[in-house]
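>>> A structural model of the following input is requested.
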Amino acid sequence: MKLTQLFQKAAELENKTVAVAHAEDDEVLQAVKLAVDKQFARFLLIGHREKIRHMMKELDIPKRHVDIIHSETPEASAKIAVQSVKSGNADVLMKGHVPTAVLLKAVLNKEYGLRSSHVLSHVAAFEVEGFDRLICVTDAAMNIHPKLEELKQILENAVRVARAVGVQMPKVACLAAVETVNPAMEATLNAAALTQMNHRGQIKDCIVDGPLALDNAISELAARHKNISGIVAGQADILLVPSIETGNVLYKSLIHFAGAKVGAILAGAKAPIALTSRADSAENKLYSIALALCTSEARQEEE
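Predicted coordinates for the structure are as follows:
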């Protein structure tokens with residue numbers, strides 16, 4: 001599967017709106033233009049009205065697909081954008097030229113935010129050359145050193161995202177440095193526990209195995225060399241990392257060493273959040289919008 005296939009899935013959805021917090025960012029607005037050109041979303045742009053209008057004119061973004069709400073500060077923009085999603089005026093939240101911490105403060109606000117009973121976690125869907133499927137990596141940005149219950153919820157968030165893009169029974173590899181359970185290595189203990197929870201039906205709609213090293217999770221040849229069998233070995237759709245350091249290094253390695261394309265969102269809130277780095281390209285921001293829209297539709301169907 002290719003990330004571009006998400007465009008068609010998003011285009012089939014009706015009347016979807018993306019609220020962009022502090023939208024006066026060139027790469028963000030280029031992604032907005034691409035999405036408008038492909039006709040898979042409307043946009044509610046929150047930020048300095050005149051700056052946004054000027055940038056829209058420069059980029060030739062059609063006004064008929066865009067509404068603007070004026071805001072002077074990133075904090076005010078984040079609040080308005082979150083409230084727009086909470087009230088149903090938008091379906092998806094997107095980070096613009098606003099610090100992640102400011103956006104998350106608004107998302108987690110008890111009065112008007114998008115807090116749910118689930119752990120909030122980062123899910124990135126990668127298109128890597130040489131692979132016939134999207135590979136999800138979680139969690140590269142939110143949870144520093146998650147414990148077992150948090151890992152379970154992070155895994156479940158990723159499964160929902162994978163299913164939203166068409167993987168009906170995602171294969172989940174719980175990553176560690178080795179393939180055997182070692183009491184001195186917490187990652188292997190948590191991986192084994194999650195695998196057992198899956199076998200007992202405590203984690204549903206996926207197949208979980210671990211601990212698995214990265215090579216054995218994505219390479220059937222590597223798995224055979226180490227005599228590792230099972231449905232997940234060499235065929236993982238989701239890579240569950242044990243800590244933010246592992247996830248962040250893997251995420252950036254795929255982009256900068258492998259030239260991978262990526263769409264990334266925060267899952268676990270009441271609506272998906274397209275959360276990209278300021279350094280991400282307009283193309284990757286576009287993939288994130290499409291991924292968020294597809295996940296939003298799937299979440300509504302679950303509810």
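
>>> please count neighbours and contacts with C-alpha atoms only from this point.
OK.

>>> which non-adjacent residue is nearest residue 99?
Of all residues beyond its chain neighbours, the one nearest residue 99 is residue 74 (7.8 Å), with distances taken as Cα to Cα, 6 or more residues apart in numbering.

>>> what is the burial count for the one you found?
Burial of residue 74 is recorded as 21 neighbouring residues (other Cα atoms under 10 Å).

>>> ok, it - contacts?
Contact analysis of residue 74 by Cα atoms under 8 Å, 6 or more residues apart in numbering lists 21, 22, 47, 97, 98, 99, 102.

>>> for residue 209, list the residues it contacts.
Going by Cα under 8 Å, 6+ apart, residue 209 touches 171, 172, 173, 174, 191, 192, 194, 195, 232, 233.

>>> could you say what helices and strands whatever helix or strand residue 58 lives in packs with?
Secondary structure from DSSP states H and E places residue 58 in helix 49-59. Packing partners of helix 49-59 (3 or more Cα pairs under 8 Å, 6 or more residues apart in numbering; DSSP states H and E): helix 26-37, strand 66-70.

>>> quick one: the strands in the stretch 101-250 of the chain, in order.
Using DSSP state E, counting those that start in this stretch, the strands of the stretch 101-250 of the chain run over residues 121-127, 135-138, 171-175, 207-212, 238-240.

>>> please identify which of these is closest to residue 86.
Closest approach to residue 86 among the strands of the stretch 101-250 of the chain (Cα to Cα): strand 121-127, 18.8 Å.

>>> any chance of the contacts of residue 209 in CSV, plus pLDDT, distance to residue 115 and neighbour count?
As requested, the contacts of residue 209 are arranged in CSV below (pLDDT from 0 to 100; distance: Cα to Cα, whole Å; neighbours: other Cα atoms under 10 Å):
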residue, pLDDT, distance to residue 115, neighbour count
171, 98, 28, 24
172, 98, 26, 28
173, 98, 28, 30
174, 98, 26, 30
191, 98, 27, 29
192, 98, 30, 21
194, 98, 25, 24
195, 98, 28, 21
232, 97, 32, 25
233, 96, 35, 26
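
>>> is it possible to export those residues to a markdown table including distance to residue 61?
Converted to a markdown table, those look like this (distance: Cα to Cα, whole Å):
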| residue | distance to residue 61 |
| --- | --- |
| 171 | 40 |
| 172 | 40 |
| 173 | 42 |
| 174 | 43 |
| 191 | 47 |
| 192 | 50 |
| 194 | 47 |
| 195 | 48 |
| 232 | 44 |
| 233 | 46 |
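
>>> is it true that residue 56 touches residue 28?
No: contact status for residue 56 versus residue 28: not in contact, 11.0 Å apart, counting by Cα atoms under 8 Å.

>>> and the two? Which one has more around it.
A direct count of neighbours by other Cα under 10 Å for residue 56 and residue 28 places residue 28 higher, at 26 against 20.

>>> contact partners for the more buried one?
96, 282, 285.

>>> separation between the first one and residue 47?
Going back to what we said before, that points to residue 96. Summarising the geometry, the distance separating residue 96 from residue 47, computed by Cα to Cα, to the nearest Å, is 9 Å.

>>> which residues are common contacts for those two?
Taking Cα under 8 Å, 6+ apart as the criterion, residue 96 and residue 47 both touch 21, 22, 23, 24.

>>> highest neighbour count among those residues?
Using other Cα under 10 Å as the neighbour definition, the shared contacts of residue 96 and residue 47 reach their maximum at residue 22, which records 31 neighbours.
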